[in-house]
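S.K.: Show me the folded form of this:
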Amino acid sequence: MKSVFVVLFLFVVYAAILSALKAKGANGTSAKAFNFARRAPFMRQDEIQLYDRLTVALKDSHVFPQVAMSAFVQHKGKSQTARNLFAQKYVDYLVCERETMRPLYVIELDGASHGSARAQKRDGQKNDVLASAGIPIKRYTSKDVELATILSDYASVVPPALPGGSARVI
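M.R.: The predicted structure follows:
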């Protein structure tokens, strides 16, 4: 009878430890230990206005705002230094093929803050990473970019359909 209580006690202790470990994150810290808040809005007003303009002009593609570069760029080697060049960076807009979600190109809205030496260095690194990955980048300085410019930039990146309706492979 005493052994039944010992086994039952050990089972309860084991269940309590297992439950405590499940409640903690991968690094042993519970998310409940922190105070999180919703970030609103997650885009500036000029970014929202350009996004609206892009979705109208590029209706045959998907346009995603505020995308982490690590979601669509990867380093082929194991260099953490190389990965650090893009791991914490975001692009303003990622334009993808509608059917396959293949990234076509990136659009950046460069405001007044992009004139500083620090911002230019960051932009240069982003340009280099995207160029290496074969992903073109288009930079606009205003949310009021002409629709004709957006369409022209799209056409410069995405080849027109071949006769018979099939798309040219890029």
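S.K.: how deep is Thr149 tucked in, by neighbour count?
M.R.: 12 (other CB atoms under 10 Å). No exception for glycine: its C-beta is placed from N, CA and C like everyone else's.
S.K.: whoops, Met69 was the one
M.R.: Neighbour count of Met69, defined by other CB under 10 Å: 21.
S.K.: so what's it up against?
M.R.: Phe86, Ala87, Lys89, Tyr90, Val91, Lys126, Val129, Leu130 (CB atoms under 8 Å, 6 or more residues apart in numbering).
S.K.: try Asp128
M.R.: So, once contact is read as CB under 8 Å, 6+ apart, Asp128 ends up touching Leu85.
S.K.: pLDDT score for it?
M.R.: For Asp128, the model assigns a pLDDT of 92.
S.K.: quick one: which of the contacts of Met69 has the most company?
M.R.: Neighbour max across these (other CB under 10 Å) = Val91, 25 neighbours.
S.K.: I'd like the contacts of Met69 as TSV, with distance to Gln80 and secondary structure appended.
M.R.: Shown next, in TSV, are those (distance: CB to CB, whole Å; DSSP: H, G, I helix; E, B strand; the rest coil):
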residue	distance to Gln80	secondary structure
Phe86	12	coil
Ala87	9	coil
Lys89	15	coil
Tyr90	19	strand
Val91	21	strand
Lys126	18	helix
Val129	14	helix
Leu130	19	helix
